[in-house]
Every structure is written in C-alpha cells, then in structure tokens.
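A.B. asks: pasting the structure only:
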Ligand SMILES: *Cc1c(COP(=O)(O)O)cnc(C)c1O
C-alpha cells in the first residue's frame with residue numbers, strides 16, 4: 001500500500017474496554033518487568049521511582065518534575081537518581097558475595113567501573129565514594145580518563161585498570177602512579193606495547209603492575225560479537241601472549257604480570273557465550289601461572305547486560321540471565337578451571353559499565369504537539385464530481401458493513417479489503433483528474449479527506465474483529481498509516497544517540513495518565529531538521545514495534561514522556577547536531593519522610609556555549625546584528641522599538657538552553 005501520511009496525523013483508536021486501570025498501563029509499557037525494582041506505576045497513573053529498590057522510599061516522578069520546573073529547570077531534563085547508582089553497585093557486590101559463598105570460592109571479587117561508560121564528574125565521584133567499602137576501582141581507556149581515575153581514586157587497594165592504546169607517556173604515568181600509592185595495572189592490548197613498557201620500566205627503575213588482554217576465540221553474538229575472535233581490534237593472540245611472557249621474563253618483569261583480561265563486547269545477550277569465554281580464559285590463566293607469572297587477578301571485562309524490554313530473552317534488548325546468574329557463572333567456571341589443577345583461584349575483577357550506570361538516569365521530555373489527520377467526512381456539496389461521490393459511497397459502505405455485525409455477520413475482512421481497494425483506486429483517479437485539470441484544489445482536498453475517512457473506518461472495524469482473525473498485511477498497515485507523529489522537545493542525537501546509531505531500544509512511555517487507556521498510536525519526531533531525528537522503535541517483549549500506544553493531547557495540559565535506562569554511554573556519545581546542546585541535569589537523593597534533596601544541578605548548554613563550540617563568537621554575532629539593525633533603522637524599515645525587541649530576543653536566547661521553552 002502506498003499511502004503517504006500527509007501531515008504526521010492523528011491516530012487509530014484502540015478498542016476501549018472501559019475498565020482500564022493504572023496497572024494495565026504498567027503492564028502495557030512493561031514497567032512491571034524492566035522497571036523492577038526502581039520504577040512502578042501509582043494508582044493515579046504516575047510513574048513512581050523507588051531509588052533504593054525494595055529497601056523503601058518512593059518519589060512521584062510527575063510531582064518531582066513539577067517541582068523541578070518550579071526551580072526554573074525546564075524540560076528536557078535528565079534526572080539522575082544517585083541512590084539507584086549506589087543500589088546497582090551494592091547489588092553487583094552482593095551477587096558476587098553470594099556466588100562466592102555458594103561455590104566456596106577461595107578468592108574475592110573486586111570490580112572496577114569503566115569510566116568511558118559515563119565520565120560525568122558527579123557520577124564517577126559518587127561511584128568512587130560508595131565503592132570504598134569494597135575497594136571498588138576504575139578502568140581508563142585514554143589519557144584523559146586515566147587523569148580522572150588517578151585523581152579520584154585514592155584507595156591504595158582499589159585497582160586502576162589501564163586499557164586502550166598506550167604511548168610512552170601513558171605508561172610512565174602508570175608506573176609513577178604506583179609510587180604515588182595507587183594500584184595501576186597496565187593491560188597490554190597490542191604486541192607493540194611490550195617494548196614500550198620494558199623501556200619505560202628500565203628508565204624509571206620500576207614497573208607498573210602488568211596485565212594481558214587475550215583475544216579469545218569464543219564467538220560472541222549480537223552487536224558487539226566482533227569484539228572477540230582472531231580478528232578483534234584489541235588483545236593479544238595466543239602466540240603473542242606467549243611471546244610477551246618470554247619478553248617480560250627476559251626483561252625481569254615477569255613478577256609484575258598479575259592480571260589476565262578479556263572483554264567480549266557490551267550487552268552480552270546470551271549467557272552461553274560468556275561461559276565459553278570464561279572457560280577459555282580460565283585455561284589461559286592456568287597456563288600463565290604454570291609459565292611462572294605470579295598472576296592473582298582474572299578480569300572478565302564488561303558486557304553484563306540489561307534487560308531493556310523485560311523479556312528475559314537472548315534478544316538484542318534483553319538478556320537470558322540475571323545479575324545473580326552472571327556472578328554464579330563467573331565464580332563457578334573460574335573455580336572449575338583452577339581448583340582441579342591446584343592453581344590458586346584469582347581475585348575476580350569485572351568492568352561492568354552498562355549494568356551499573358543504565359538505571360539511574362531518566363530523561364523526561366515534553367511533547368510540543370501532535371500531527372492531526374484531516375478528520376471526519378466533509379459535507380457534500382452540490383454537483384460533486386463522480387470521483388468524490390464514489391469515495392463517499394465507499395466510506396458509507398464500510399460503515400454499513402460494521403453495523404451489520406448484529407446480524408451475526410461480523411464485518412467481513414474480505415469486504416473491507418475490497419472497499420479499501422476501491423478507495424485506493426478512486427483516490428488515484430482523483431489525483432490523475434487533478435493533474436489533468438478536471439479537479440480543483442478544494443475538490444482534491446476533499447478526495448484526500450474522504451480517503452482518510454475510509455482508512456479510519458476500516459481501521460476501527462478491524463479493531464472490533466474477534467482476536468485471532470486473519471488480517472491481510474495491507475490492512476494491518478493501515479494502523480501505521482494513520483498513526484500520529486508526536487513532536488518531542490528533544491534531540492535524539494544529543495540525548496539518545498544509540499537509538500539512531502545502533503538501533504538501541506530504550507523503554508519510552510508517558511510518565512502520567514497511565515490510568516487512562518491510550519487510544520492512539522504514534523512515534524516521536526525530535527527538534528532536529530533531520531529525518532533520522534525520531535524515536536520510532538519501541539520495546540515489545542523480545543521484539544520491537546514501530547508505534548507506541550499514546551494518549552491524545554489535551555489543551556493546556558503538558559504531555560510528559562520518560563526515556564528510561566539510558567544512563568550508560570548516551571551522554572558522551574550525544575552530539576551537537578543542529579546545535580542542540582546538553583539538557584539540564586539534576587542529581588536527586590531520597591531524603592527522610594518521603595522527601596528528596598537536589599544534590600547537584602548541572603545546567604544544560606546555552607546557545608552561546610554551543611556557538612562557541614563551533615568557534616563562533618556570540619558577542620561578535622550580536623554586534624553584527626546590531627549594526628544591521630542600525631542600517632535598517634536608518635533605511636526606515638525597522639522601528640526603534642522593533643530593533644530593541646529583536647536585540648532583546650537574541651540576547652536572551654544566547655543565555656538560554658537550546659531547547660524550546662514550554
Ligand atoms: C566498554 C568496555 C567495558 C564496559 O562494557 P559494558 O558492556 O558497559 O559493561 C569494559 N571493558 C572494556 C575493555 C571496554 O572496552
């Protein structure tokens with residue numbers, strides 16, 4: 001079917017059961033699955049946040065947004081719940097502690113946070129502070145990240161894992177950091193780093209702790225599957241591992257080889273993949289100890305996945321395992337690889353980023369408007385051309401088809417298909433007639449309106465069919481042709497870049513009105529002038545769907561949408577497309593008595609700031625415009641008062657965030 005949706009448009013009514021409750025809203029959007037234990041829906045139909053999970057305390061997200069707006073924090077707004085960040089860290093450690101107890105593992109777990117996952121100062125500081133009791137460390141993949149990690153991590157026990165490409169200065173910094181009382185582990189990712197490490201160690205008369213990243217042959221699946229295997233970008237092949245051990249031995253540095261690392265890519269969907277990798281790495285670890293390296297740490301990398309759609313499947317937006325399953329597998333597999341061979345079990349290290357940082361931030365944006373179909377059936381006029389009368393008759397026949405239902409002849413799918421074929425034919429006739437000059441512009445408009453009326457009538461009859469009725473694909477597609485575009489005060493390139501870049505799915509839903517049955521289908525278009533700037537894939541239990549159930553907009557009432565589980569990677573990957581900058585962000589802490597505290601406010605980029613990022617000088621831009629308005633005043637085309645108003649708007653815009661004011 002080729003039916004262009006003219007104006008974005010309104011949407012298909014979903015059958016209204018009349019008994020809709022907030023719990024139906026929770027289940028429709030899957031909040032009760034992916035949201036557990038941090039997000040739920042109140043009987044009022046508001047999204048509730050339980051920042052401490054089951055340990056009690058809840059905040060009404062809608063009330064929170066209202067109060068933040070009262071503090072002049074406009075939407076879109078990134079709300080970071082620091083309690084959730086802490087809770088995630090705690091859960092990770094509890095899971096490993098349980099597994100260690102259950103399997104009688106004679107070693108410890110000591111994790112690190114990969115800084116690349118979220119480099120924001122308040123986030124890293126919070127993790128370091130909360131992580132102290134477990135000697136939780138950091139992982140850096142570049143010199144700038146190393147600088148963050150070095151300066152924030154004061155605990156001499158906490159690991160500072162140095163990954164990424166390393167030049168001489170990076171390596172020397174790590175060696176000196178050891179003397180500073182830190183615990184840096186330089187992980188060799190490329191064979192050519194070995195001579196640099198040896199030379200730097202000679203020069204400084206001391207070595208860093210050394211790790212080796214192994215390229216495993218175990219195959220991963222999913223988007224990051226290519227992060228492993230012989231052709232992976234990082235890591236040493238087995239021959240290189242052996243050559244490195246020999247080179248370190250000859251340089252008298254083998255005693256500093258303490259860690260084996262692997263990373264099989266982010267968002268591991270299938271636990272079987274991890275098990276294979278763990279077994280392979282466990283064997284390599286054993287070999288390295290037999291070759292005389294003291295070892296002591298096995299770093300299983302990141303990849304611990306998030307169940308974005310709550311389906312608990314091995315599909316892209318989910319995982320077929322829980323955090324506890326993951327910890328159990330790591331502990332049990334490593335133990336099996338070591339104990340039978342009399343090899344002391346290592347301290348287990350993981351570099352889980354996504355699993356720690358996804359839940360704690362929620363992006364709330366407002367809807368500015370929704371496209372509407374030319375609704376209804378236009379009044380007949382005298383002497384209407386035949387083509388229009390044909391469309392009118394077709395529409396009437398469809399409606400009549402529906403009202404036959406009481407005669408035990410439920411609307412026949414076949415008749416609907418036939419009517420649709422007719423409508424399309426008459427619409428094409430109308431367009432042809434218009435091109436040839438036989439139909440006026442108002443007549444063409446009525447023809448389009450009547451076609452949409454046919455479409456709408458068919459769609460509402462399809463809804464009334466008994467479940468399980470076979471519906472031709474072409475008719476099914478009518479729902480999306482009728483779906484609405486909701487205009488979102490947001491840039492997906494800035495705030496959810498992975499939805500665009502790698503088709504990542506995040507839970508998206510209205511944060512209020514969940515006690516009201518959504519009667520429309522729609523997707524979101526963002527503020528950018530880019531046709532890719534949209535949210536048009538939504539979670540659907542192991543699958544995805546192009547349209548989301550939404551509510552009709554109400555005059556004078558905001559419609560607020562939340563994008564959840566996006567605390568990992570999105571902020572730093574976000575870009576300045578169309579010069580939309582960062583959004584306002586706040587850090588919220590649960591306080592006693594159901595209250596909260598606003599710990600930090602991070603103001604979004606102003607227009608002046610994004611202009612400066614592109615080397616423009618806002619003052620100079622203003623000055624040029626001032627001169628232009630002087631010229632226009634002199635010419636008499638701009639009144640003095642208009643000039644003043646124009647300059648005031650420009651100045652105010654420079655000071656404000658890049659988003660629309662509600
Ligand atoms: C990106 C990365 C991580 C983090 O992965 P997550 O999937 O976010 O847990 C860990 N280690 C290395 C080496 C990485 O490159």
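C.D. replies: Cool, the structure landed. Nothing here was measured: the structure is a model prediction, and the numbers come from that model.
A.B. asks: please identify the helix or strand for the closest residue to residue 291 other than its chain neighbours.
C.D. replies: In space, and not counting its chain neighbours, residue 291 is closest to residue 245: 5.2 Å by CB to CB, 6 or more residues apart in numbering. Where C-beta positions appear, they are placed from N, C-alpha and C, glycine not excepted. Element membership for residue 245 (DSSP states H and E) is helix 238-250.
A.B. asks: name the residues of the protein found near the ligand, please.
C.D. replies: 114, 116-117, 139, 163, 263, 266-267, 301-304, 351-355, 568 (CB under 6 Å from any ligand atom).
A.B. asks: among those, which are in helices?
C.D. replies: Judged by DSSP state H, the residues of the chain next to the ligand include 354, 355 as members of helices.
A.B. asks: so who does the spatially most central residue of the chain touch?
C.D. replies: Most central in the chain under CA atoms, centre = their mean is residue 566, positioned 4.0 Å from the mean C-alpha point. For residue 566, the contacting residues are 358, 361, 362, 363, 495, 496, 506, by CB atoms under 8 Å, 6 or more residues apart in numbering.
A.B. asks: from these, which single one is nearest the ligand?
C.D. replies: Taking CB to the nearest ligand atom as the measure, the ligand sits nearest to residue 358 out of the contacts of residue 566, at 8.6 Å.
A.B. asks: quick check: the closest one touching residue 570?
C.D. replies: No: in this structure residue 358 lies outside contact range of residue 570 using CB atoms under 8 Å: 9.4 Å.
A.B. asks: what's the spacing between residue 474 and residue 419?
C.D. replies: Distance, residue 474 to residue 419, using CB to CB, to the nearest Å: 12 Å.
A.B. asks: quick one: which of these two has more around it?
C.D. replies: More crowded of residue 474 and residue 419, by other CB atoms under 10 Å: residue 419, with 21 against 13.
A.B. asks: helix or strand: which one has the residue located most distally from the centre of the chain?
C.D. replies: Residue farthest from the centre of the chain, counting by CA atoms, centre = their mean, is residue 383 at 55.9 Å. Of the helices and strands defined by DSSP H and E, none includes residue 383.
A.B. asks: so where is the stretch 201-350 of the chain shaky, pLDDT-wise?
C.D. replies: Along the stretch 201-350 of the chain, the parts satisfying pLDDT under 70 run over 219-231.
A.B. asks: for it, what spans make up the helices?
C.D. replies: Secondary structure of the stretch 201-350 of the chain by DSSP state H, counting those that start in this stretch: the helices cover 238-250, 271-290, 323-338.
A.B. asks: export these as TSV, with columns for distance to residue 176 and mean neighbour count.
C.D. replies: Compiled in TSV, these are given as follows (distance: least, CB to CB, whole Å; neighbours: other CB atoms under 10 Å):
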stretch	distance to residue 176	mean neighbour count
helix 238-250	20	16
helix 271-290	26	19
helix 323-338	32	20
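A.B. asks: distance to residue 257 added to these, as CSV?
C.D. replies: Below are the helices of the stretch 201-350 of the chain laid out as CSV (distance: least, CB to CB, whole Å):
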stretch, distance to residue 257
helix 238-250, 6
helix 271-290, 7
helix 323-338, 17
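A.B. asks: which ones are touching residue 450?
C.D. replies: Residue 450 is in contact with 377, 378, 388, 391, 392, 395, counting by CB under 8 Å, 6+ apart.
A.B. asks: return the subset of those residues lying in helices.
C.D. replies: Mapping the contacts of residue 450 onto helices (DSSP H) picks out 388, 391, 392, 395.
A.B. asks: JSON lines for those, including pLDDT?
C.D. replies: Shown next, in JSON lines, are the ones in helices among the contacts of residue 450 (pLDDT from 0 to 100):
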{"residue": "388", "pLDDT": "95"}
{"residue": "391", "pLDDT": "96"}
{"residue": "392", "pLDDT": "95"}
{"residue": "395", "pLDDT": "94"}
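A.B. asks: by neighbours, which of these wins?
C.D. replies: Among the ones in helices among the contacts of residue 450, residue 391 has the most neighbours (other CB under 10 Å), with 27 neighbours.
A.B. asks: hang on, the earlier thing: overlap in contacts, residue 474 and residue 419.
C.D. replies: Contact criterion CB under 8 Å, 6+ apart; residues shared by residue 474 and residue 419: none found.
A.B. asks: for the helix or strand where residue 647 lies, the averaged confidence score.
C.D. replies: Assigned by DSSP H and E, residue 647 belongs to helix 640-655. If you average the pLDDT over helix 640-655, you get 97.
A.B. asks: now it: how far from the chain's centre is it?
C.D. replies: Chain-centre distance of helix 640-655: 37 Å, with CA atoms, centre = their mean, to the nearest Å.
A.B. asks: mind pulling up the pLDDT for residue 407?
C.D. replies: Reported pLDDT at residue 407 in the predicted model: 45.
A.B. asks: and what of the one 3 residues further on?
C.D. replies: Each residue has a pLDDT score; the one for residue 410 is 56.
A.B. asks: likewise for residue 372?
C.D. replies: Residue 372 carries a pLDDT value of 71.
A.B. asks: hey, which helix or strand in the protein has the poorest pLDDT?
C.D. replies: helix 478-482 (a mean of 80; mean pLDDT, DSSP states H and E).
A.B. asks: what lines up beside the helix or strand following that one in the sheet?
C.D. replies: With elements assigned by DSSP H and E, the helix or strand that comes after helix 478-482 is strand 484-488. The sheet places strand 484-488 alongside strand 361-370 (antiparallel), strand 520-525 (parallel), with pairing taken from DSSP bridges.
A.B. asks: mean neighbour count added to the ones you listed, as JSON lines?
C.D. replies: Below are the strands paired with strand 484-488 laid out as JSON lines (neighbours: other CB atoms under 10 Å):
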{"stretch": "strand 361-370", "mean neighbour count": "22"}
{"stretch": "strand 520-525", "mean neighbour count": "23"}
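A.B. asks: what's the closest of these to residue 608?
C.D. replies: strand 361-370 (22.5 Å; CB to CB).
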